[in-house]
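[1] one predicted model, sequence on top.
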Amino acid sequence: MTESPMTCERVDQEELDRRYLKGQLSDAEAAAFEAHYFGCERCWALVKAGAGVHAALRPDATVSAVRWRAWRRPLTIAAALGIVAFGTWQAVVSRDTTERDAMRGMADHLAVRTELSAGIWRAAWPADSAVASYRVRFFAADGRLLFTRQVSDTSLEIPADSLSALGVGASLYLDVQGFDALRRPVARSPLIPLSAPVEPP
């Protein structure tokens with residue numbers, strides 16, 4: 001036998017709202033009633049009013065399984081939307097961080113000063129509160145990485161003869177990279193040509 005469609009008249013005739021709150025409907029009946037009253041203001045008001053009366057008559061009672069069923073679907077939908085929103089936010093944050101690291105232009109703000117004095121090359125730069133350590137890299141004119149120094153200070157001194165011993169003449173360049181406590185790059189200088197020729201030993 002085909003069940004009659006869920007209407008407000010059927011709700012009234014069969015007292016579905018009262019039976020629903022008492023847990024007297026089968027799972028199929030409860031699901032059909034929920035599908036109806038979630039979209040019907042009148043029946044939704046009946047359920048809310050009945051739930052209020054039920055709670056007033058039994059103030060010490062915990063939320064019954066039937067009342068939980070009434071809220072299960074909207075809560076499930078809200079939880080799913082929350083998960084989707086969180087996943088979207090994580091993807092945006094991850095993409096934004098990757099793009100910043102790939103471009104690296106936003107972090108090019110370390111101003112490095114270099115000088116050669118008394119046979120010593122000195123490089124110095126201002127402190128950055130986000131940086132835990134610095135890496136200074138020396139390059140040849142053809143882009144080869146010659147060597148690297150890791151420092152926690154904001155300056156580096158290196159004998160000029162140690163650079164001239166590399167046999168690259170006067171064409172030397174350096175840059176400075178800053179890393180946070182998790183070893184993520186957070187600052188860097190542009191590539192800087194050394195300001196004077198390397199003195200021979």
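    Right, received. Where do you want to start?
[2] alpha carbons only for contacts and neighbour counts from here, please
    OK.
[3] and the helices in this protein?
    With DSSP state H, the ranges of helices along the chain come out as 8-14, 16-21, 27-37, 41-57, 65-103, 160-164.
[4] looking at those, which has the lowest confidence?
    Of all the helices of the chain, helix 65-103 carries the lowest average pLDDT, namely a mean of 58.
[5] please name the residues that touch the closest residue to L174 other than its chain neighbours.
    Spatial nearest neighbour of L174, excluding adjacent residues (Cα to Cα, 6 or more residues apart in numbering): F138 at 4.4 Å. Counting by Cα atoms under 8 Å, 6 or more residues apart in numbering, F138 touches L145, L146, F147, T148, L172, Y173, L174, D175.
[6] just the buried residues from the residues you listed, in PyMOL please.
    Applying 16 or more other Cα atoms under 10 Å to the contacts of F138 leaves a buried subset, and the PyMOL line that selects it is:
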select buried, resi 172+173+174+175
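[7] check the contacts of F138 and tell me the two furthest apart.
    T148 and L172 (13.1 Å; Cα to Cα).
[8] and the contacts of F138, which is closest to F33?
    For the contacts of F138, the nearest to F33 is D175 (70.0 Å; Cα to Cα).
[9] do you know the pLDDT at the residue nearest to the closest one when sequence neighbours are not counted?
    Closest residue to D175 apart from its sequence neighbours, by Cα to Cα, 6+ apart: L191 at 4.9 Å. Looking at L191, its pLDDT reads 85.
[10] surely L191 meets Q177?
    No: with contacts counted by Cα atoms under 8 Å, L191 stays clear of Q177, the gap being 10.4 Å.
[11] so for these two, which sits in the more crowded spot?
    Q177 (20 against 15; other Cα atoms under 10 Å).
[12] I figured that one hits D128, correct?
    No: contact criterion Cα under 8 Å: Q177 and D128 do not qualify, at 11.1 Å.
[13] overlap in contacts, those two.
    By Cα under 8 Å, 6+ apart, no residue touches both Q177 and D128.
[14] ok, L156 to Q13 distance?
    89 Å (Cα to Cα, to the nearest Å).
[15] more crowded one of those two?
    With neighbours defined as other Cα under 10 Å, L156 and Q13 compare such that L156 has more, 17 against 9.
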